Structure formats: structure tokens, C-alpha cells
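J.: Just the structure for this:
(one chain, ligands or ions: 1)
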Amino acid sequence: MITHTEGESNTSEARAEWAARHPDAVTRELLERDAGAFLHQSLSSPCLSTIAKAEGIWIEDTSGRRYMDFHGNSVHHIGYGHPRVVAAIKAQLDALSFSPRRFTNEVSVELAETLGALAPGDLGKVLFTTGGSDANEVALRIARAATGRFKTISFWDAFHGAGFGASSVGGEATFRSHIAGPLLPGAEHVAPFNCYRCAYGHAGPDTCGLACAKMVEYVLEREGDVAAVIAEPMRAVPVVPPPGFWKVVREACNRHGALLIMDEIPTGLGKTGAMFAFEHDGVIPDIVTLGKALGGGILPIAAVVARRDLDICGDFAIGHYTHEKNPVTARAALETLAVIRDEGLVDRAAKLGAYALDRLREAVGDHPLVGDIRGRGLMFGVEIVEDRKSRAPGRATAERIYYRCLEAGLSFKISAGCVLTLSPPLTIPKDDLDRALGIVTTAIRSETA
Ligand SMILES: Cc1ncc(COP(=O)(O)O)c(C=O)c1O
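T.: As a prediction, the model looks like this:
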């Protein structure tokens, strides 16, 4: 039975101390009302703090404390409240605010065409959903229809959404607890790629020769009837795939008749320094899912983009969502894509991300409690360990560092219990990035082994 959660704790000592130092009445009262009104669950209610404003890279709480947001639930590629997206949404509200499903509309069609043109290869047929979990479930249904099979292979520790189908292929303890009950049959899991030797291209006798990719092929072969491999091209922890990993898996899928579905819900649209993270690895999936930042950090919209020849479910329902062709969410997405293009944000993410990794490595790369510094584009992280030899997760240290950063005005997330996960908007001014990196490195340096 799995009941624990990975990541920040709702109840840790560091969190209690932080809360005790911020006793302002307005914040407390709202937190108490939140805790009274909402169903409790890990990692949200009861909440850490309150928010009154979100603008650009900044969030501001109800007592006026401002934080650079290096988490943003991965929605804020273009920052919060981008003026172009806000204006486009307002105009769309006046022009056409809803579209019942049997009718189509100009803006939704334009968005589907734009995404189809943006995606490489033959990825050209689109369906919209309200959230990423649903998009992944649509992708799974298409894979079942295309292959006549129902099994899947995915990674332990991955997250693909909260729905029963999405959490069946997910591998996160939080969503696989005993209260989830039986999940989808045939959802096989393998260990995720996590070999830092391979990831940095080390060669030599101590490398594993892509054993992680070969395990995917092994299971594909042994099962013999897998419909799809579904995975994030880069793990959100963040862990970059070892060079060649996806090529091996792509070829294995082809050999064993399985589709490759890539969940680019957090990584897509430029975050990693490429429009799609899979482009770094020289592969093209059969289906890609997008979401989060697609709505410009304002509205919820996700998308499934499939190979044209996978348009085979015409006689079935695979995702009849009420807001499937909502012109307002579609407008937000279209304008977001235009902002990403016009502001050159994909290249910007690549350049600033490389710069940030260099700076972190220079500043704390040899700190005894830093196990690894890694990432791609503006999705990078610092793994805190108890010591560099054992690489045992430095959970308590990571939490102390986290609250010290929060105190200094920088918000982010801890992944896998000990990885300071830094994912700023692609629009972040360089001096703000420098300031944030300074906060993180000072907080790390104040810890001694
Ligand atoms: C990789 C990945 N897939 C899917 C989802 C689910 O998206 P949503 O919360 O919009 O359902 C998330 C959300 O965090 C995610 O990170």
C-alpha cells in the first residue's frame, strides 16, 4: 500500500516554522477559510499561502509579499497576465463567447490548423480538451483503437494527470494510493531513465549502455501486445533522457507495433529550448499531448495532436468535452502561440537555460550537499543530497533551503523529495534570473555538510 507523497510536505517542521513567522491576520483568515471550504488533499488545501496578484514572473500574496514564481504549475511560459493574451481574450468575449459542440467556429479551427502545422512529421490532427489529464486519456483511446490492444508501458514516478486512466499510466505514489482502488488493467510500468552517467554522455566500462531503454523493449517484447508507450520526453524531476534513449524506444515501438505517445503538457511550447522537448532527441511520436501553458497562464485548454492516419475513431466518442471548441480558450491559445513566436521565446529559453546551468554549476557545483545540477532550457534543478558519495536524498536540507528562498522572495517546487526544481517563465528578464540564482546559491551555501 502506498500512501506517502513525494515532494514538499504539508506538515513538515520547516513549513510550520515558516507559517509561524508570517502571522498576518488577513493571510491567516483566508487560509483558514480555504481549509474550511475545500476538500483537503496533499500539496494543495491546506495551502501554504494566499495570492492576490499574478503578473509577469511575479506572484503577490494578500499581505503584499512578492515572489518570483519559478513553478507556476508550468502554465506561465509567457508570464502571468500577458497584455496581448488579456486583450485577445477580452475581444473574443465580445465577438463569440461559446460554441456548442455541433457547431464549429473560426478561432478553434485556426488553432487546430496552427498546432497541426507547428508539430513535426505527420502530426496534424487535433482534438481539444479542458485539461491535460483528459488529453492523455484521449490519446490512450486512440492508441487502443489503432492497435486493437489495451496495454500500456509508462514510467514509475511519472505524472500524467488525475483521471483514473491518466493516473493508471502515471507512476506517482500520491495518485496510486489505496484509495485509488483498482486502476486500469494492462498499465505496465518500468523504471524511468535516471542514470546521470548516461545523461551526461559519459562513456566507459561503468556505463549501463542504455539499459533503461532496453528494458522498455524487453517489456514490449515479453508482453507482445502493448498498445502504447506513454511518457514525458524529459522527466519533470527534472531528468534529461540519456542520449539515444528515445531513438531506441522509438525503434522498439515500431518493431512491436506500439504507438509512442509523448506527454508534453509541461515541457512543450518551448520550455526546454525546443518547441517540443522530443525534438532534442531526434524522434517524432505518434501522438503528442499539450496543455498548461497553451492557455497563456490564464485559461484551461489542452490538445491532442495525432498522426493524420490515426484519425480512425469517427464512429466512436473519444473526448466529447463541453469546452472542446470554446472560442475563448482557443483564442487565448492562439495568442499565446503568437507571443511565443514573436518574442522568440523558444531560443530565449535555450540560451537562458544554458546560462543558468553554467552559473549554478560554477557557484555550487562542488558544494558537498549538491548531488547534481541538471535540466534543459528553463526547466532545471539542483538535487540536494546527504552526501555526494551515497547521493541519499537530502530531504530536510532541501526543505530548509526552500523556505529560505521563499523568505528571500523566490517560489519554486521541490520534486522527488530533494530536487529544487526551477522553472521560470520564458519571458523572465535576465537580471531577475540572476537575482533568483543568487537567492538559490546563497541559500545552498548557508548549509554545511
Ligand atoms: C506531465 C503531465 N501530464 C499531465 C498533467 C495533467 O494536466 P492537468 O492538470 O491539466 O489535467 C500534468 C499536470 O501537472 C503533467 O505535469
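
J.: can you map out the helices along this structure?
T.: Using DSSP state H, the helices of the chain run over residues 13-20, 25-37, 83-95, 106-118, 132-147, 164-169, 196-199, 211-223, 245-256, 327-342, 345-364, 395-407, 430-445.

J.: isn't residue 193 right next to residue 215, touching?
T.: No - with contact defined as C-beta atoms under 8 Å, residue 193 does not reach residue 215; the gap is 9.6 Å. For every residue, glycine as well, the C-beta is placed using N, CA and C.

J.: in stretch 238-250, what's buried?
T.: Using 16 or more other C-beta atoms under 10 Å as the test for burial, stretch 238-250 gives 238-242, 245-246, 248-250.

J.: how far does it stretch from start to finish?
T.: 21 Å (C-alpha to C-alpha, to the nearest Å).

J.: Tell me if it is near the ligand.
T.: No - counting by C-beta under 6 Å from any ligand atom, the ligand has no neighbours in stretch 238-250; the shortest distance is 11.5 Å.

J.: same thing with stretch 275-292?
T.: Yes - remark: stretch 275-292 sits within contact range of the ligand at residue 291, by C-beta under 6 Å from any ligand atom.

J.: Most proximal residue of the chain with respect to the ligand?
T.: residue 132 (2.5 Å; C-beta to the nearest ligand atom).

J.: ok, now how distant is that residue from residue 100?
T.: 24 Å (C-beta to C-beta, to the nearest Å).

J.: how many neighbours does the residue lying closest to residue 337 once chain neighbours are set aside have?
T.: Among residues not flanking residue 337 along the chain, residue 114 sits closest, at 6.0 Å (C-beta to C-beta, 6 or more residues apart in numbering). For residue 114, the number of neighbouring residues by other C-beta atoms under 10 Å comes to 17.

J.: now swap in the one 3 residues further on and tell me
T.: Using other C-beta under 10 Å, residue 117 is surrounded by 9 other residues.

J.: Report the spatially nearest residue to it, omitting neighbours in sequence.
T.: residue 124 (7.9 Å).

J.: And the pLDDT at the one you found?
T.: At residue 124, the predicted lDDT confidence score is 98.

J.: Would you mind confirming that it makes contact with residue 309?
T.: No - assessed by C-beta under 8 Å, residue 124 is found out of contact with residue 309, at 9.6 Å.

J.: Please say which of the two ends up with more neighbours.
T.: Higher neighbour count among residue 124 and residue 309: residue 124, with 20 against 11, using other C-beta under 10 Å.

J.: Can you report how many residues neighbour the closest residue to residue 89 other than its chain neighbours?
T.: Using C-beta to C-beta, 6+ apart and skipping the chain neighbours, the partner closest in space to residue 89 is residue 332 (5.4 Å). Using other C-beta under 10 Å, the number of residues around residue 332 comes to 27.

J.: tell me the contacts of residue 332?
T.: 85, 88-89, 92, 295-296, 298-299, 301 (C-beta atoms under 8 Å, 6 or more residues apart in numbering).

J.: ok, of these, which come out buried?
T.: Buried among the contacts of residue 332 by 16+ other C-beta under 10 Å: 85, 88-89, 92, 295-296, 298-299, 301.

J.: Also near the ligand: which of those residues, exactly?
T.: Of these, not one also sits near the ligand (C-beta under 6 Å from any ligand atom).

J.: what's the closest of the residues you listed to residue 336?
T.: residue 296 (3.9 Å; C-beta to C-beta).

J.: ok, that closest one - contacts?
T.: 78, 82, 85, 89, 332-333, 335-336, 339.

J.: Could you dump those into TSV with pLDDT and distance to residue 418 added?
T.: Converted to TSV, the contacts of residue 296 look like this (pLDDT from 0 to 100; distance: C-beta to C-beta, whole Å):
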residue	pLDDT	distance to residue 418
78	98	30
82	98	33
85	98	35
89	98	39
332	98	35
333	98	35
335	98	38
336	98	33
339	98	34
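
J.: For the residue nearest the centre of the chain, which non-adjacent residue is spatially closest?
T.: Of all residues in the chain, the one closest to the mean position by C-alpha atoms, centre = their mean is residue 266, 2.9 Å from it. Excluding its sequence neighbours, the residue lying closest to residue 266 (C-beta to C-beta, 6+ apart) is residue 74, at 3.7 Å.

J.: Settle this for me: the one you found is touching residue 293, isn't it.
T.: Yes - taking contacts as C-beta under 8 Å, residue 74 lies within contact range of residue 293: 6.4 Å.

J.: out of these two, which sits in the more crowded spot?
T.: Using other C-beta under 10 Å as the criterion, residue 74 and residue 293 rank with residue 293 on top: 27 against 21.

J.: give me the low-pLDDT residue ranges for the chain?
T.: For the chain, the stretches with pLDDT under 70 are 1-11, 23, 195-207.

J.: which parts of it sit against the ligand?
T.: 131-133, 136, 159-161, 232, 236, 263, 265-266, 291, 302.

J.: Please point out which parts of stretch 362-381 sit buried.
T.: For stretch 362-381, a neighbour-count test (16+ other C-beta under 10 Å) marks 363-364, 367, 369-381 as buried.

J.: again, but for stretch 317-324
T.: For stretch 317-324, by 16+ other C-beta under 10 Å, it's 318-319, 321, 323-324.

J.: Residues touching that stretch, excluding its own?
T.: Under C-beta under 8 Å, 6+ apart, the answer for stretch 317-324 is 101, 127-130, 134-135, 137-138, 141-142, 145, 300-301, 304, 329.

J.: Same check on stretch 154-163?
T.: Counting by C-beta under 8 Å, 6+ apart, 6, 131-137, 166-167, 169-172, 175, 187-192, 229-232, 235-237, 263, 265, 416 sit against stretch 154-163.

J.: now the end-to-end length of it.
T.: End to end - C-alpha to C-alpha - stretch 154-163 spans 16 Å.

J.: How about it, which residues are buried there?
T.: For stretch 154-163, by 16+ other C-beta under 10 Å, it's 154-155, 157-161, 163.

J.: again with stretch 167-175
T.: Going by 16+ other C-beta under 10 Å, stretch 167-175 has these buried residues: 167-172, 174-175.

J.: May I see these arranged in a markdown table, with distance to residue 257 as well?
T.: Listed next are those as a markdown table, based on distance: C-beta to C-beta, whole Å:
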| residue | distance to residue 257 |
| --- | --- |
| 167 | 26 |
| 168 | 21 |
| 169 | 18 |
| 170 | 24 |
| 171 | 23 |
| 172 | 28 |
| 174 | 33 |
| 175 | 29 |
